[in-house]
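*Asks:* Make a model of this:
(chains A and B)
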Amino acid sequence: AQSVSQHNHHVILSEAASLELGCNYSYGGTVNLFWYVQYPGQHLQLLLKYFSGDPLVKGIKGFEAEFIKSKFSFNLRKPSVQWSDTAEYFCAVKIYNQGGKLIFGQGTELSVKP
Amino acid sequence: SQTIHQWPATLVQPVGSPLSLECTVEGTSNPNLYWYRQAAGRGLQLLFYSVGIGQISSEVPQNLSASRPQDRQFILSSKKLLLSDSGFYLCAWSSRQVYNSPLHFGNGTRLTVT
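*Replies:* The predicted structure is shown next:
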């Protein structure tokens, strides 16, 4: 069965530190990749997405992610985090020959200390 | 513009009682529809998805069922709730007309089974 794995359950950083959240998926076919963010008390929002082309994609609020097909990875990065980045981050994979269903990782909680 | 409505926002039900959560989408036609359950530390678990009226795919064996009586209506049900059904339930839609459409989430329903 397909799965998405996020390596870090809880990450604590100080402001201005660099961020990298790991995401790996298990599926050999064509996939689309997403990162969603959920700020405290808010609903899920799309942060960025990869469909094709340049494997380095840029999203909102200075986030970017790199798709490495050979490693089945789609890690999220930000050079300098802010306190307002405190949230839970979800990696997701869309499987195209299965009704477009989206499979999520278990999430990574990011806490940024001011 | 498209909107997704999910209700109720919170629900407290006794064990053994029935459940019906409703989700409707406006501003689009023939969407893919999804029910997810979000649990702390476990990410978003896909419960059901639907690519059309009356077409439901179940992802995990459980005490719940889903129905799609109309194009833009998706209902999550149970005949008899279990304590383990407590959780945060999210409805989502994606476009079948827009290639690589991301998922758009509702605000969720917090279900507590007592």
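
*Asks:* number of nearby residues for residue 38?
*Replies:* Since you didn't name a chain, this refers to chain A. Residues lying near residue A:38 (other Cβ atoms under 10 Å in any protein chain shown) number 19. For the C-beta atoms, the positions are set from N, CA and C on the backbone; glycine is no exception.

*Asks:* look at chain B instead
*Replies:* Neighbours of residue B:38 (other Cβ under 10 Å): 21.

*Asks:* ok, now which ones touch it?
*Replies:* By Cβ atoms under 8 Å, 6 or more residues apart in numbering or on different chains, the residues touching residue B:38 are B:44, B:45, B:87, B:88, B:89, B:90, B:108.

*Asks:* can you check residue B:73 too?
*Replies:* Residue B:73 touches B:22, B:23, B:24, counting by Cβ under 8 Å, 6+ apart.

*Asks:* Could you list the alpha-carbon positions for the helix or strand containing the first one in CSV?
*Replies:* In other words, residue B:22. Assigned by DSSP states H and E, residue B:22 falls within strand B:19-26. Taking Å, rounded to 0.1, in the frame of the first residue of the first chain, the C-alpha atoms of strand B:19-26 are listed here in CSV:
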residue,chain,number,x,y,z
LEU,B,19,-24.0,9.7,13.2
SER,B,20,-24.5,11.9,10.2
LEU,B,21,-22.0,14.5,9.1
GLU,B,22,-22.7,16.5,6.0
CYS,B,23,-20.5,18.3,3.5
THR,B,24,-21.5,20.3,0.5
VAL,B,25,-19.5,22.1,-2.1
GLU,B,26,-20.6,25.2,-4.0
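
*Asks:* Of the contacts of residue B:73, keep whichever come out buried.
*Replies:* Buried subset of these (neighbour count, 16 or more other Cβ atoms under 10 Å in any protein chain shown): B:23, B:24.

*Asks:* and the gap between residue A:7 and chain B?
*Replies:* Here residue A:7 is placed at a distance of 13 Å from chain B (Cβ to the nearest Cβ, to the nearest Å).

*Asks:* Distance of that residue relative to residue A:39?
*Replies:* To residue A:39, residue A:7 is 22 Å away according to Cβ to Cβ, to the nearest Å.

*Asks:* Can you get me a residue count around residue A:24?
*Replies:* Neighbours of residue A:24 (other Cβ under 10 Å): 18.

*Asks:* in the sheet, who's paired with it?
*Replies:* Under the criterion DSSP bridges, residue A:24 forms beta bridges with residue A:5, residue A:73.

*Asks:* pLDDT score assigned to it?
*Replies:* Per-residue pLDDT puts residue A:24 at 96.

*Asks:* Please name the residues that touch it.
*Replies:* Here residue A:24 is in contact with A:4, A:5, A:7, A:71, A:72, A:73, A:74 (Cβ under 8 Å, 6+ apart).
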